[in-house]
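Trainee: Got a predicted structure here, sequence first:
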Amino acid sequence: MFTFPAIDPVALELGPIVIRWYALAYIVGLIGGWRYALLLARREPVRFEPQLLDDFVVWATLGVVIGGRLGYVLFYRPDYYITDPLQILMVWKGGMAFHGGLLGVLAATFLFARRYKVPLLSLADIVCAAAPIGLFFGRIANFINGELFGRVTDAALGMVFPHGGPLPRHPSQLYQAGLEGLALFVLMAVLIFGFNAKNRPGLLAGAFFAGYGVARCIGEFFREPDAFLGFLWFGATMGQLLSLPMILLGLYLVRRALTVEPSGDTPKRT
């Protein structure tokens, strides 16, 4: 059994300026994802101007924050926020949902592609390949905050969390950082650098959706479900139920990329 390493959630405090590890995780994830996306966009075949990603990172940031917050409100606690809608704006009190953030980024990707005449699937491939970077740092921030901890366990990796009672629990945030972050990042990199997946627009996006959905479903078996939701249909958690459509969409995109010759998505040299 391990004792949770008590880490101050505030990384830096300068007078009225307070910078939390959670905010830093978002910043590092977005910047790291942006730089990696630029690297991938410059790799052959080049299907759009890589410099457009400098503008897209702003769109993606808005999609993550707005979508993540609204997703948490709608998917997890609609009854709570409908009684006090102003609480929706108080993001500093916590409450973000990955699936909402994903929908926000998807909307941003679609609108950006239309605005700048960028091939949608090619842009989505680059975004999805870089997304595990942000997921990794986000889960590490969850661990630092001592939130979203795992279920009670007698396994050797059990850890006592400050807000989880006296019994040891799975450090599920670290499991999810490994599955949703590191493992998924490696999978996407292997597809890009080992199998030239950029030649098949939509393949990387499909692999990400299906891969994340499977990783999230596995991680949820170790994670304590939200107290205000508990277990839902057939003993599944909300995270698992929301991941099922992702897996189906991912499998469809992979099949399409491997069997259908895309039209209007020709390489563009810069």
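Mentor: Thanks, I have the structure now. Numbers count the residues shown, from 1 in each chain.

Trainee: pLDDT weak spots in this structure?
Mentor: 1, 90-94, 261-270 (pLDDT under 70).

Trainee: Quick one: list the elements packing against the longest helix along it.
Mentor: Longest helix of the chain, by residue count under DSSP state H: helix 120-145. If contacts are counted by 3 or more Cβ pairs under 8 Å, 6 or more residues apart in numbering; DSSP states H and E, helix 120-145 sits against helix 21-41, helix 52-75, helix 98-115, helix 172-176, helix 184-195, helix 203-220. No exception for glycine: its C-beta is placed from N, CA and C like everyone else's.

Trainee: what's the angle from that helix to helix 184-195?
Mentor: 150 degrees (axes from the mean of the first three to the mean of the last three Cα atoms, to 10 degrees).

Trainee: now helix 120-145, how far from the centre of its chain.
Mentor: 5 Å (Cα atoms, centre = their mean, to the nearest Å).

Trainee: the inter-axis angle of it versus helix 98-115?
Mentor: Using the same axes, to 10 degrees: helix 120-145 against helix 98-115 is 150 degrees.

Trainee: continuing past helix 120-145, what's the next helix or strand?
Mentor: As assigned by DSSP states H and E, the chain's next helix or strand after helix 120-145 is strand 159-160.

Trainee: Just list what that following strand packs against, helices and strands only.
Mentor: strand 2-3.

Trainee: C-terminal to the strand it packs on, which secondary structure element comes first?
Mentor: Remark: after strand 2-3, the chain's next helix or strand is strand 10-14, criterion DSSP H and E.

Trainee: buried residues in that next one?
Mentor: Ala11 (16 or more other Cβ atoms under 10 Å).

Trainee: Strand partners (parallel or antiparallel) of that strand?
Mentor: As defined by DSSP bridges, the strand partners of strand 10-14 come to strand 17-20 (antiparallel).

Trainee: Dump the C-alpha coordinates for the partner strand into PDB.
Mentor: Listed next in PDB are the C-alpha coordinates belonging to strand 17-20 (Å, rounded to 0.1, in the frame of the first residue of the first chain):
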ATOM      1  CA  ILE A  17      -2.100  35.300  -9.500                       C
ATOM      2  CA  VAL A  18      -2.700  31.600  -8.800                       C
ATOM      3  CA  ILE A  19      -1.500  29.000 -11.300                       C
ATOM      4  CA  ARG A  20      -2.700  25.400 -10.700                       C
END
